[in-house]
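Undergrad: Show me how the following folds:
(chains A and B)
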Amino acid sequence: MDYCLDIISDEEKEILQEIMNIAFGKAAADLAEVINIFVVLSVPNIELLNSQDLPSYLKTQVSEYERVSIVEQNFWGDFKGSAFLVFQASAGRELVALFGDNSDDFGSESIDALEKETLMEVGNILIGACVGKLSELLGDAVTYSPPRVVTENTHNDAIPTNIFESGSSAIVLKTVFCFNERNVNGFLFLVTSNDSILWLKKSLATFMEQYE
Amino acid sequence: MTLNELTQVFDTVNFGLVVLDRDIKIQYWNRWMAMHSGLPSEQIIGEPLFDFFPHLNTPGFNKNCKAVLSFGNFAFFSQKLHRFLFPFKPDSSFGYRFDLMQQSCTMGPLRSDDNSISGLFLIVQDVTELATYEQKLVEMNTKDVLTGIYNRRFLESRLQEEFERHRRHSHPLSLIMIDIDFFKKVNDNYGHQCGDAVLQAVAGKTSSVIRKTDFVARYGGEEFCCLLPETSVTAAEIVAENIRTHIEQIENIFEGNTIKVTISLGISGLMDKDSPETLLKRADDALYQAKHSGRNRFVRF
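TA: Coordinates of the predicted model:
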C-alpha cells in the first residue's frame, strides 16, 4: 500500500481537491442552467489506492445501499480513466419521473428498459459535466465511450473486480451527489490509473503557476 | 493530409456525418446523409437543422445539444430508446422488419484552436440489420414455436417483474391457469397433428380475446397461463369466463372431423406475503379443483 502514497504529494492532493471543487461547482451550476438538473455535489474526497484494493474500497463506500444501479463510462485523453456513478436501485424510477420527457414512443419496451435508458442518459450528462469541467481546468479535452449500465444488483455483483491491472495504482476521486427535487442521491467515483499520473502532476503544477 | 483528402474520406464512409454550429445550423453534410435524405449538401449547408427535420426540435434533443456545447461531453442516441434521429428509408427492404432505418447516433463537441467549443458533430450509424437480428433473437427466446404465443420462460420473467411492481404499488394482479380438458383423447383419436392444431386454435383464440394489457403463454403441454396486470380476482373471473365460452365454441375441422374442446381454468390473485411461486401454485390448485368438479369451468382460489 505504501508506495501509493508517494505517487502524489499531500500538496498536490490538496490542489487537486481544490480544482475538483471548482470543477464540480461549475458543473452543478451549468447543469442547472443548461438542462434544468439541480444537483448538489459534495466536497470531493481523494484516495490513493493499490488497484487490487479498488473493488473492495468501492464496495465499502456504497455498502449502505443494499441494491445498486451503476453507470460506467470510460473517458480518455491525457486524463484517462473510468467513471462510476452508483445509485440506490430505486433511483431509476425516480429519475424516469424526473427526466423522462415522454416524447418518444417506447412501444413494447418495458419499464425496466426505460429506467435503464434514463439512468444512462442522466449518467452520461452527469459524468460528462464533472469530467468535462475537471479536464477543462486541467487543460485537457477528453473523449467518452458510450455509458454502460448495470441495474439493481447487489453491490457485490455489480462492481467489476478487474478495473485495472493488478500492480498498478489508482487515484479515486469521490463525490456524493443529490438531486434537489427528489430524494435521489448516489456516489460518483472517478478512477484514474498510473498512466495519467505524470500528466496530472504536470497539470497541477501548471494550474498553480497562474496563482504564483 | 489535405482537407480535400479528408473530404474524400468523409464522403465515402458508410455512415452519416453532420457538423452543426452553436446555433444548430448545418455546416457539413456528408454524401451518405445527402444520399439517404435526398437533400444535397449545397441545399442544406448554412440552414437550421430544425427547418429540415422539425421533429428533432424536442426538449430531449436540445438538452443533449446544450450539454455537448457546454460540457464538451458526448451524447448517445441509442437505437433502443430513439429508434432513429433521421427518418430515412432502410438501405434495403429485403428481410427488414422496419419501415425506417434504425440508427445509433453519437454527438460530440468540436473545438477551436483555443479549446473552446465551436460546434458539434453528429455520427449516424445504420443499425437496421443488427436491430432486426436482435428482434428475431428476442422472439425466438420468448415465443413458443408451435403456437406463436409467449413461452414459459418469458412468462416467468414477466411474472417476476409484474409481481415486484404490483407489490410495490399494492395494485391487484391476477393469474389464470388454463388446461384443455381430455386433450389426451384428441391426440389418441385423431393423432398428434390434430392435437397441434387444437393447441394452436386454443392459443390463438385466447390471445385474441384477452385484453391488450394481459399476457398469455404456453405453460406446458396443453397448459396455458394468463397474467392479468392491474386486475382484481373478480375482474379476472370475467376474463376467464370470456375465454372459456369462446374456446367452447371453436370448431376445429381436421381431416373431415369436427373436434370441439373445452378448458378448465384456475384463478388466483396477489395476496400479502405472496411470491410468484405461491401465486402460481394457488392458480394451479384452483385449476385442479375445476378439473375435479366437472371441468369446463373456472374456479377461483
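
Undergrad: so where's chain B shaky on pLDDT?
TA: When the per-residue scores of chain B are filtered using pLDDT under 70, the ranges that remain are B:93-95.

Undergrad: What parts of it come near chain A?
TA: Applying C-beta under 8 Å from any C-beta of the partner chain, we find that chain B lies next to chain A at B:58-60, B:63, B:66-67, B:70-76, B:78, B:80-83, B:106, B:108-109, B:111, B:115, B:161, B:165. Glycine gets a C-beta too; all of them are placed from N, C-alpha and C.

Undergrad: Mark which of those are buried, thanks.
TA: B:60, B:63, B:66-67, B:70-76, B:78, B:80-83, B:106, B:108-109, B:165 (16 or more other C-beta atoms under 10 Å in any protein chain shown).

Undergrad: Let me see the ranges of the strands in the chain.
TA: Let's take chain A. Listed in chain order, the strands found in chain A under DSSP state E are A:39-41, A:45-50, A:67-76, A:81-88, A:143-144, A:148-154, A:169-179, A:184-193.

Undergrad: I was thinking of chain B, sorry if that wasn't clear
TA: Listed in chain order (using DSSP E), the strands of chain B are B:16-21, B:26-29, B:75-77, B:103-111, B:117-126, B:174-180, B:215-218, B:223-228, B:252-254, B:257-259, B:263-269, B:298-300.

Undergrad: Sheet-wise, list the partners of the last one with their directions.
TA: Each strand that pairs with strand B:298-300, with its direction, by DSSP bridges: strand B:263-269 (parallel).

Undergrad: now the partner strand: how far from the chain's centre is it?
TA: 27 Å (C-alpha atoms, centre = their mean, to the nearest Å).

Undergrad: Then stretch B:155-168?
TA: Between the centre of stretch B:155-168 and the centre of its chain there are 17 Å (C-alpha atoms, centre = their mean).

Undergrad: what's next to it, contact-wise?
TA: Stretch B:155-168 is touched from outside by A:110-112, B:150, B:171-173, B:175, B:215, B:217, B:219, B:225, B:227, B:229-230, B:270, B:274-276, B:279-280, with contacts defined as C-beta atoms under 8 Å, 6 or more residues apart in numbering or on different chains.

Undergrad: now stretch B:35-46
TA: Residues from elsewhere that reach stretch B:35-46, judged by C-beta under 8 Å, 6+ apart: B:16, B:25-31, B:33-34, B:52, B:86, B:88-89, B:101.

Undergrad: With stretch B:288-299 instead?
TA: Here stretch B:288-299 has contacts from B:176, B:179, B:181-182, B:237, B:240-241, B:244, B:248, B:262-267, B:286-287, using C-beta under 8 Å, 6+ apart.

Undergrad: Just give the number of residues close to B:Glu5.
TA: Here the number of neighbours of B:Glu5 (other C-beta atoms under 10 Å in any protein chain shown) works out to 9.

Undergrad: Looking at chain A, which residue is nearest chain B?
TA: A:Gly128 (2.3 Å; C-beta to the nearest C-beta).

Undergrad: what residues are up against the residue of chain B found nearest chain A?
TA: Nearest to chain A in chain B, going by C-beta to the nearest C-beta, is B:Asn73, at a distance of 2.3 Å. Listed by C-beta under 8 Å, 6+ apart, the contact set of B:Asn73 reads A:124-125, A:127-129, A:131-132, A:144, B:67, B:108-109.

Undergrad: Can you flag which of the contacts of stretch B:155-168 belong to helices?
TA: Per DSSP state H, helices hold the following members of these: A:111-112, B:276, B:279-280.

Undergrad: Quick check: pLDDT value at A:Glu33.
TA: Turning to A:Glu33, the model gives it a pLDDT of 83.

Undergrad: what's the distance between it and B:Ser70?
TA: To B:Ser70, A:Glu33 is 8 Å away according to C-beta to C-beta, to the nearest Å.

Undergrad: With mean neighbour count, mean pLDDT and distance to A:Ile7 as new columns, can the strands of chain A be given to me in TSV?
TA: Listed next are the strands of chain A as TSV, based on neighbours: other C-beta atoms under 10 Å in any protein chain shown; pLDDT from 0 to 100; distance: least, C-beta to C-beta, whole Å:
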stretch	mean neighbour count	mean pLDDT	distance to A:Ile7
strand A:39-41	18	86	25
strand A:45-50	16	84	6
strand A:67-76	21	89	20
strand A:81-88	23	89	14
strand A:143-144	18	90	25
strand A:148-154	17	77	28
strand A:169-179	20	84	6
strand A:184-193	21	86	11
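
Undergrad: got a markdown table for those, with distance to chain B too?
TA: What follows is the strands of chain A, written out as a markdown table (distance: least, C-beta to the nearest C-beta, whole Å):
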| stretch | distance to chain B |
| --- | --- |
| strand A:39-41 | 13 |
| strand A:45-50 | 22 |
| strand A:67-76 | 9 |
| strand A:81-88 | 11 |
| strand A:143-144 | 4 |
| strand A:148-154 | 10 |
| strand A:169-179 | 15 |
| strand A:184-193 | 14 |
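
Undergrad: Select, out of those strands, the one closest to B:Lys205.
TA: Closest to B:Lys205 of these is strand A:148-154 (C-beta to C-beta; 37.0 Å).

Undergrad: Go ahead and confirm A:Thr206 touches A:Gly139.
TA: Yes: checked against C-beta atoms under 8 Å, the pair A:Thr206 and A:Gly139 is within contact range at 6.6 Å.
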